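Visitor: what follows is a predicted protein model with its sequence.
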Amino acid sequence: MVGEEFGTVLVRVEDSKGRDFQCEVTTLRKDGGYTDGRRLDNVTFGNDIAEDLARRDFTINAMSMADATVVLPFNFTRLIWAALLGYMFFSEIPDLWTWLGGTIIFLASIWLTRISSKRQK
């Protein structure tokens, strides 16, 4: 056990090529206070995913609760802002490969949305 008092175990897996992979797996829990501002005073184990996710960051919440078609549009807005800021601050117009990559990502999102809507019907 990595952190038995925190409900964390280390899972080790060996792939077909003999490479060793490690992953920490933690149970659902609710954090206690941080008296020293850094280390948990206590942890209470639970069975409510919403309560556990309330203590985690947005990325973890999105990966565990949201459908990909819900999260993807937010990621695409970052691409648009990056291109705009690059042009505004550095006068750099995105090259052909950037436009091609953006087009592939955009078309993939449309495809995912269509597949998702077909599955819901």
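Guide: Alright, I've got the coordinates.
Visitor: ok, residue 20 - contacts?
Guide: 12-14 (C-beta atoms under 8 Å, 6 or more residues apart in numbering). Placement of C-beta: from N, CA and C, glycine included.
Visitor: show me what it is bridged to.
Guide: Beta-bridge partners recorded for residue 20 (DSSP bridges): residue 14.
Visitor: quick check: it vs residue 11, distance?
Guide: 11 Å (C-beta to C-beta, to the nearest Å).
Visitor: do residue 21 as well
Guide: For residue 21, the distance to residue 11 - C-beta to C-beta - is 9 Å.
Visitor: equivalent analysis for residue 4, please.
Guide: On the measure of C-beta to C-beta, residue 4 and residue 11 end up 14 Å apart.
Visitor: what's the offset of stretch 80-88 from the middle of its chain?
Guide: The chain centroid and the centroid of stretch 80-88 are separated by 23 Å under C-alpha atoms, centre = their mean, to the nearest Å.
Visitor: name the residues that touch it?
Guide: So stretch 80-88 is contacted by 92-94, 98, 102 (C-beta under 8 Å, 6+ apart).
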